[in-house]
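S.K.: Let me see the structure of the following:
(chains A and B)
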Amino acid sequence: MRRRGRRVPEEGRGGASGKLGGSMEGRSGDRLWMSMSLEIAASAPVTTIATIGVHEGQTVTLRGWLYNLRASGKLLFPIFRDGSGTIQGIVPKAAVPEALFESLKNLTLESSVIVTGKVRADARAPSGFELDVVDLEVVQRVDDAHPFPITLKEHGVDFLMEHRHLWIRTPRQSAILRVRATIMRAAAEYFDTNGFTRTDPPILTPAACEGTSELFEMDYFDEKAYLTQSGQLYIESTALALGKVYSFGPTFRAEKSKTRRHLTEFWMIEPEVAFCGLDELMELAENFIAHIVQSVLKQHRGDLKVIGRDVTKLETIQAPFPKISYDEAHRMLEEAFSKGLIESKHTYGDDFGSPDETYLSNQFNRPVMVHRYPAAVKAFYMEPDAADPTKALCVDVLAPEGYGEIIGGSQRVDSYDLLRQRILDHNLPLAAFEWYLDLRRYGSVPHSGFGMGIERAVAWICGLDHVRETIPFARTLNRIYP
RNA sequence: UCCUGAGUAGCUCAAUGGCAGAGCAUUCGGCUGUUAACCGAAGGGUUGUAGGUUCGAGUCCUACCUCAGGAGCCA
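M.R.: A predicted model of the protein is given here:
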C-alpha cells in the first residue's frame, strides 16, 4: 500500500480534509476540462463494481474509495473499492487532463472518490474488467499526516481488532460480512417458508435459563436483571401458543472463555416445535443447515474465493447427515485412543471435550449428529429417553473440519412432576420457574427445539480460524473497543 | 480460574550480557502494464511498567500490566 508524491503547496489543497470536489478545483486553464467532465459524469450511469460487467464498453460512474495505488512512471494504476468489490483503473498521463493525473497521483489511500471511466474487459485483470478513468472527484482526501493504518501487509491480531472499524474495509473482511448476512437471511428464510412464526424473547431476563453459565448482571431499577443467555424457555411458551416458532437475536455469556470459538455476545437462531420428538428435530436441523450452506454456495462463489474457502468441502453438505448415539461416539473415541489418534482417553459418562469433538467431526464429510447423551451431563429441561432413562433425548450437531458444536437441541420435559423435580434437583429457584411450569399445567405436549450459534456457523462455512472475524464487532473476554 | 507463549520504529519482526537493525509504511527522486509493483535516498526508538543483579541489561532475576493460544464451560 503506498502513496506517491506530495501535493504542491501553492495549490492549497494538501490535506484538504472534508473539502468536496477536489479534482474540480483546477485553475482557470482547466475550465474547459471541468465542464466537459461534468457532462460526462452527469450522463454516465452510476453502477457498482460487482455488476460492472454488464456495462462493458460503456462509460460509467462508481462511488467508493481508493483502495490501492501503483504507478509506473507516467502510468497510474489506482484500485477502487465500493463495498461490492474492487476494480483497477488505468490512467496514462498522456490520455487525461494534467489536473486529473496530478490529483490522482498524490491521492492518499482510502480517500473517498466518485470516479467515471470506460469499462474494458482485460485478461490481465483478476476480475476480468478494468476502468479507463476519464474523471475523478475527490469527496474527502485522507490527510497526509494520518495515513490509513491498515496496510496490505501482515498485521497482528491486537492491532487489527483495535482498528476493527477500519479493518472491515478490506476485501476479505467485507466478503465475510456479506456471507454472514446471507447465512442469517437463509436461516430465517428456512423457517419463514416452512410455517414458523418468529417470536423473539426478551433480552432482559429475571433469572438464568439454565443456571449453569455465568450471566451478565445489571441493575433493573431496584431489582437485579440479567442479559439473556438463551430464549429457549420463552419460545417454549410461544410454541405452545403458535405451534412452530423461532427466535433470532443476540445472546450473552459471561463465561471467561478465551478460545477461537467463544464470544461474550453472539447471535443465536432457535426454533421450537410443538408435538415434535427428537427424530423429527434432527430432520429439521439437517435440512436447515443444508439450506443455509446451499444458499451461500449459490450466492457467494466470488466472496468464498476472496476468503480462500475450499468450496468442495461445502458442496457435500446435503441432507441426510450421519447420526450416531453417544454410546457409538464413545466407542469411536475409545478406538481412536487405542490407536494413538487422540491424546486423552474419554471416560464413559462424561461430556465430550473439544479435542473429542474435533476428532469425531473429522471422521465425516458432513456435519455429524450425536444424540442421546447421559442425562447427568445435560440440562435439566431435557426429556429422558423412554428406552434408557439415564440418557437424554438431545442432539449436538458437530460441524466438519474440526469446527465443533454449532447446534445443541433436545426434546423438552413435558411432565409437570418430572420438571418440578429436576428444578429442585438442580437447586434452581422454583419461584422463578412457576411460569415455565405453567406450560406443563395447561395442555402440555411433547415439544423440541434447538439453537444454532450464527458465528460458529459462519466460521465453519467461511473456513475461518476464529469467530472474531465473523461478526462486525466481536465482544470477547479482553475486548469491548471499538 | 489454571497452563503455555509473546511484548523492541506507525506495522510485521531481528539483535551470543558488549555501538538498537531489516522489510513494509511515511517523505524525496526514477520508471508507460503494475498485480502486497519495482529501483535509489532520507527521517523515524524512554526496547510494556517498576525494582534488582552486573564494569555493562532489549537480553539474566522478581513483581505487575497487556495480548495471544489452549483447558474447563459452552453455541
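S.K.: quick one: what helix or strand has residue A:424 in it?
M.R.: If you go by DSSP states H and E, residue A:424 is part of helix A:416-425.
S.K.: which outside residues touch that helix?
M.R.: A:380-381, A:384, A:413, A:430, A:433, A:436-437, A:440-441, A:444 (Cβ atoms under 8 Å, 6 or more residues apart in numbering). Where you see a C-beta, it was placed from the backbone N, CA and C, and this is true even at glycine.
S.K.: Counting neighbours, which of those comes out on top?
M.R.: residue A:413 (25 neighbours; other Cβ atoms under 10 Å).
S.K.: Which parts of the stretch 251-400 of chain A are helices?
M.R.: Chain-ordered helices for the stretch 251-400 of chain A, with DSSP state H, counting those that start in this stretch as the definition, fall at A:278-299, A:301-307, A:312-315, A:326-338, A:354-361.
S.K.: Taking chain A, what residue is nearest to RNA strand B?
M.R.: residue A:73 (1.7 Å; Cβ to the nearest atom of the strand).
S.K.: quick one: which helix or strand includes that residue?
M.R.: Assigned by DSSP H and E, residue A:73 belongs to no helix or strand.
S.K.: Can you tell me how far residue A:420 is from residue A:441?
M.R.: Between residue A:420 and residue A:441 the distance is 10 Å, computed by Cβ to Cβ, to the nearest Å.
S.K.: where does the stretch 101-250 of chain A come near RNA strand B, residue by residue?
M.R.: With Cβ under 7 Å from any atom of the strand as the criterion, the stretch 101-250 of chain A comes near RNA strand B at residues A:109, A:122, A:124-126, A:130, A:144, A:147, A:149, A:151-159, A:161, A:212-213, A:230.
S.K.: among these, which are in helices?
M.R.: Counted as lying in helices by DSSP state H, out of these, are A:157-159, A:161.
S.K.: Export these as JSON lines, with columns for neighbour count and pLDDT.
M.R.: JSON lines is the format used below for those (neighbours: other Cβ atoms under 10 Å; pLDDT from 0 to 100):
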{"residue": "A:157", "neighbour count": "9", "pLDDT": "88"}
{"residue": "A:158", "neighbour count": "10", "pLDDT": "88"}
{"residue": "A:159", "neighbour count": "12", "pLDDT": "91"}
{"residue": "A:161", "neighbour count": "19", "pLDDT": "91"}
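S.K.: Return the member of those nearest to residue A:466.
M.R.: Comparing these against residue A:466 with Cβ to Cβ places residue A:157 closest, at 8.2 Å.
S.K.: for the record, mean pLDDT for the helix or strand encompassing residue A:115?
M.R.: Secondary-structure element containing residue A:115, defined by DSSP H and E: strand A:112-121. On average, the pLDDT along strand A:112-121 is 94.
S.K.: so what does it touch, helix or strand wise?
M.R.: Secondary-structure packing of strand A:112-121 (3 or more Cβ pairs under 8 Å, 6 or more residues apart in numbering; DSSP states H and E): helix A:31-43, strand A:59-71, strand A:129-140.
S.K.: Now do it against strand A:129-140, angle only.
M.R.: Calculated by axes from the mean of the first three to the mean of the last three Cα atoms, to 10 degrees, strand A:112-121 forms an angle of 170 degrees with strand A:129-140.
S.K.: Flag every buried residue along strand A:112-121.
M.R.: In terms of neighbour count (16 or more other Cβ atoms under 10 Å), strand A:112-121 has its buried residues at A:113-119.
S.K.: so what pLDDT did the nearest residue to residue A:112 once chain neighbours are set aside get?
M.R.: Excluding the flanking residues, the one nearest residue A:112 by Cβ to Cβ, 6 or more residues apart in numbering is residue A:139, at 4.0 Å. Looking at residue A:139, its pLDDT is 91.
S.K.: roughly how far apart are residue A:139 and residue A:64?
M.R.: Residue A:139 sits 10 Å away from residue A:64, taking Cβ to Cβ as the criterion.
S.K.: between those two, what contacts are shared?
M.R.: Common neighbours of residue A:139 and residue A:64 are listed as A:112-113 (criterion: Cβ under 8 Å, 6+ apart).
S.K.: For the two, indicate the residue with more neighbours.
M.R.: Neighbour count, other Cβ under 10 Å: between residue A:139 and residue A:64, residue A:64 has more, with 20 against 16.
S.K.: Low-confidence regions, the stretch 1-150 of chain A specifically.
M.R.: A:1-43 (pLDDT under 70).
S.K.: same thing but at 90, please
M.R.: Scanning the stretch 1-150 of chain A for pLDDT under 90 picks out A:1-44, A:71-74, A:84-85, A:98-100, A:102-103, A:105-106, A:122-128, A:141-147.
S.K.: Same question for the stretch 251-400 of chain A.
M.R.: Low-confidence segments of the stretch 251-400 of chain A (pLDDT under 90): A:253-260, A:302, A:306, A:308, A:319, A:337-345, A:353-355, A:358, A:362.
S.K.: sorry, back to before: is there a quick ChimeraX command that grabs whichever of the residues of the stretch 101-250 of chain A next to RNA strand B are buried?
M.R.: Selecting only the buried entries of those in ChimeraX, with 16+ other Cβ under 10 Å as the criterion:
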select /A:109,130,155,161,230
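S.K.: Would you map out the domains in chain A?
M.R.: Chain A breaks down into these domains under automatic domain parsing: A:9-140, A:161-469.
S.K.: sorry, back to before: neighbouring strands for the strand holding residue A:115, and are they parallel or not?
M.R.: Applying DSSP bridges, strand A:112-121 is found paired with strand A:59-71 (antiparallel), strand A:129-140 (antiparallel).
S.K.: Send over the shortest one as CSV, restricted to the C-alpha atoms.
M.R.: Included here for strand A:129-140 are C-alpha records, laid out as CSV according to Å, rounded to 0.1, in the frame of the first residue of the first chain:
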residue,chain,number,x,y,z
PHE,A,129,-12.5,-5.8,-16.2
GLU,A,130,-10.6,-2.6,-15.9
LEU,A,131,-11.7,1.0,-15.9
ASP,A,132,-10.1,3.6,-18.2
VAL,A,133,-10.6,6.7,-15.9
VAL,A,134,-11.8,9.9,-17.5
ASP,A,135,-12.9,11.8,-14.4
LEU,A,136,-12.3,11.7,-10.7
GLU,A,137,-14.0,13.7,-7.9
VAL,A,138,-12.4,13.5,-4.5
VAL,A,139,-15.1,13.6,-1.9
GLN,A,140,-12.8,13.6,1.1
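S.K.: hmm, the helix holding residue A:424 in reach of RNA strand B?
M.R.: No - applying Cβ under 7 Å from any atom of the strand, one finds helix A:416-425 out of contact with RNA strand B, separated by at least 14.8 Å.
S.K.: Would you mind identifying the next helix or strand past that helix?
M.R.: That would be, after helix A:416-425 and using DSSP H and E, helix A:434-441.
S.K.: and after that next one, which helix or strand comes next?
M.R.: Where DSSP H and E defines the elements, the next helix or strand beyond helix A:434-441 is strand A:447-453.
S.K.: That next one pairs with which strands, and in what direction?
M.R.: Strand A:447-453 has the following sheet partners, assigned by DSSP bridges: strand A:265-274 (antiparallel), strand A:404-411 (antiparallel).
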